[in-house]
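A.B. asks: Sequence plus predicted model, see below.
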Amino acid sequence: MNTPASRHSRNALIFLIAAIVAALLALPLLRAIGMAQWPVFALAWLVNLGAAWHLGQWARQQGRPAWAFGGPALLGTVASIVVYVLLALLGPKRGASPQR
């Protein structure tokens, strides 16, 4: 895996972990102070946008359409995890030259 592709892969994973951690930390905090809990999901989804962008770039560098992977990843953290695993399992297309 070339350096830019591995950077997007690593950054996507960091954003996914950050979205999960943000949700896990914010949920009990908001519950403790009696606030509505919908901001937790909004916060996780906003952090997930970074993961979706990096997943799209990673797919593009593998010679796959960025929208086909980044688009579904916009739906949420769970969808992004599925896309991340699919990209890791599928690997680069045969005959595709890495784009920079």
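C.D. replies: Yes, it's here.
A.B. asks: Sketch out the low-pLDDT regions of the protein for me.
C.D. replies: The model of the chain has pLDDT under 70 over residues 1-5, 93-100.
A.B. asks: Would you confirm that Ala59 contacts Gly71?
C.D. replies: No: here Ala59 lies out of contact with Gly71, judged by C-beta atoms under 8 Å, at a distance of 10.0 Å. Yep, even glycine has a C-beta here, placed from its N, CA and C like the rest.
A.B. asks: In terms of neighbours, single out the busier of those two.
C.D. replies: Ala59 (24 against 16; other C-beta atoms under 10 Å).
A.B. asks: Show the contacting residues for the more buried one.
C.D. replies: Residues in contact with Ala59 (C-beta atoms under 8 Å, 6 or more residues apart in numbering) are Pro65, Ala66, Ala68, Phe69, Gly70, Leu87.
A.B. asks: Now intersect those with the helices, please.
C.D. replies: Ala66, Ala68, Phe69, Gly70, Leu87 (DSSP state H).
A.B. asks: Emit the PyMOL select command for whichever of these are buried.
C.D. replies: Only the buried entries of these go into this PyMOL selection, using 16 or more other C-beta atoms under 10 Å:
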select buried, resi 66+69+70+87
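A.B. asks: ok, Ala19 to Ser80 distance?
C.D. replies: From Ala19 across to Ser80, the span is 8 Å (C-beta to C-beta, to the nearest Å).
A.B. asks: tell me what the helix ranked longest in the chain is packed against?
C.D. replies: If each helix of the chain is counted by residues according to DSSP H, the longest one is helix 3-33. Applying 3 or more C-beta pairs under 8 Å, 6 or more residues apart in numbering; DSSP states H and E, we find helix 3-33 packed against helix 38-61, helix 77-90.
A.B. asks: mind running it again at 10 Å?
C.D. replies: If you count contacts as 3 or more C-beta pairs under 10 Å, 6 or more residues apart in numbering; DSSP states H and E, helix 3-33 packs onto helix 38-61, helix 66-73, helix 77-90.
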